[in-house]
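Asker: my questions are about this predicted structure, shown below with the sequence.
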Amino acid sequence: GAVVSQHPSWVICKSGTSVKIECRSLDFQATTMFWYRQFPKQSLMLMATSNEGSKATYEQGVEKDKFLINHASLTLSTLTVTSAHPEDSSFYICSATGHQSSYNEQFFGPGTRLTVL
Amino acid sequence: AQTVTQSQPEMSVQEAETVTLSCTYDTSESNYYLFWYKQPPSRQMILVIRQEAYKQQNATENRFSVNFQKAAKSFSLKISDSQLGDTAMYFCAFMKGEETSGSRLTFGEGTQLTVNP
């Protein structure tokens, strides 16, 4: 199956700093990548959808100036949490899809645990 | 908009027994896909099984099978011969059958399944 990686797997930062999370499709070209946020014991909440070479589409209630998404190539998307605060602490998951199947299966990364002190 | 509902926050089963997880959904779409994902303690999302709405036959993957009732908009997951490794959070998910790549997933709230020895 297709492989998606995320880096870092976990990060601790101080309040007010920015953190960048990378999502890479290792063996396929990802025309679309999705970013999710997940709180403990809760479901995945879609934050934004990014298509290679175009601006991301954010879900309602997600601050686009706080969560900067860049999908500059067919294998890499980044999520930058700007001026992070403790309430941004969460588990962030990316997924990627290309033309691997007839139904655009999403392949998930292993997630990144962000802790803001 | 689509909604997915999982009414069982937690379930438990004895090893080697059978358990059924419930999922209902609401949509006006005629072409769509339904999925069950597993999220073990590692938090890596794993696709368990997929059902195309246009197929009447219920999908089966080894010990995992679904009961897809399209008219009732119900999509339950049956796990036979439960194993300790089946302990995980299970999410039901919906995807519209768009032809363009990158169709978004709508997740249910999740069911935490514990398999007891």
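Answerer: Structure's in. What do you need?

Asker: need the contact list for the residue nearest the centre of chain B.
Answerer: When CA atoms, centre = their mean is applied to chain B, the residue found nearest the centroid is B:Trp36 (2.7 Å). Counting by CB atoms under 8 Å, 6 or more residues apart in numbering or on different chains, B:Trp36 touches B:21, B:23, B:47-49, B:64, B:66, B:75, B:77, B:90-93. From N, CA and C alone the C-beta is placed, and that goes for glycine too.

Asker: ok, B:Tyr37 next?
Answerer: With contact taken as CB under 8 Å, 6+ apart, B:Tyr37 is in contact with B:Met45, B:Ile46, B:Leu47, B:Val48, B:Tyr90, B:Phe91, B:Ala93, B:Phe107.

Asker: which of the contacts of B:Trp36 sits closest to chain A?
Answerer: Each of those was checked against chain A using CB to the nearest CB; the closest is B:Phe91, at 6.3 Å.

Asker: what about the closest one, neighbour count?
Answerer: Using other CB atoms under 10 Å in any protein chain shown, B:Phe91 has 24 neighbouring residues.

Asker: which element follows the helix or strand where it lies toward the C-terminus?
Answerer: Here B:Phe91, judged by DSSP states H and E, is contained in strand B:88-96. Downstream of strand B:88-96, the next assigned helix or strand under DSSP H and E is strand B:105-107.

Asker: ok, that following strand: who's next to it in the sheet?
Answerer: strand B:88-96 (antiparallel) (DSSP bridges).

Asker: name the residues that touch the partner strand?
Answerer: Against strand B:88-96 from outside (CB under 8 Å, 6+ apart): A:41, A:43-44, A:103-104, B:2, B:4, B:6, B:21, B:23, B:25, B:27, B:29, B:31-41, B:45, B:48, B:75, B:77, B:103-108, B:110-113.

Asker: list the beta-bridge partners for the residue most central in space within chain A.
Answerer: Nearest to the geometric centre of chain A sits A:Trp35, at 3.5 Å (CA atoms, centre = their mean). For A:Trp35, the beta-bridge partners are A:Ala48, A:Cys94 (DSSP bridges).

Asker: what about the strands in chain A?
Answerer: Per DSSP state E, chain A carries strands over the ranges A:4-7, A:10-13, A:19-25, A:32-38, A:44-51, A:57-58, A:67-73, A:76-81, A:90-97, A:107-108, A:112-116.

Asker: make a markdown table from those strands and add mean pLDDT and distance to B:Asp86 to it.
Answerer: Formatted as a markdown table, those follow (pLDDT from 0 to 100; distance: least, CB to CB, whole Å):
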| stretch | mean pLDDT | distance to B:Asp86 |
| --- | --- | --- |
| strand A:4-7 | 97 | 23 |
| strand A:10-13 | 97 | 26 |
| strand A:19-25 | 96 | 28 |
| strand A:32-38 | 95 | 20 |
| strand A:44-51 | 94 | 20 |
| strand A:57-58 | 94 | 35 |
| strand A:67-73 | 92 | 34 |
| strand A:76-81 | 96 | 31 |
| strand A:90-97 | 95 | 21 |
| strand A:107-108 | 94 | 19 |
| strand A:112-116 | 98 | 24 |
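
Asker: and chain B, which residues reach chain A?
Answerer: By CB under 8 Å from any CB of the partner chain, the residues of chain B that approach chain A are B:33, B:42-45, B:47, B:50, B:52, B:89, B:91, B:95, B:97-98, B:101-105, B:107-110, B:112.

Asker: ok so, going back, wait, isn't the residue nearest to the centre of chain A in contact with A:Tyr92?
Answerer: Yes: assessed by CB atoms under 8 Å, A:Trp35 is found in contact with A:Tyr92 at 6.7 Å.

Asker: emit the ChimeraX select command for whichever of the contacts of strand B:88-96 are buried.
Answerer: Per 16 or more other CB atoms under 10 Å in any protein chain shown, the buried members of the contacts of strand B:88-96 correspond to this ChimeraX selection:
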select /A:43,44,103,104 /B:2,4,6,21,23,25,27,32,33,34,35,36,37,38,39,45,48,75,77,103,104,105,106,107,108,110,111,113
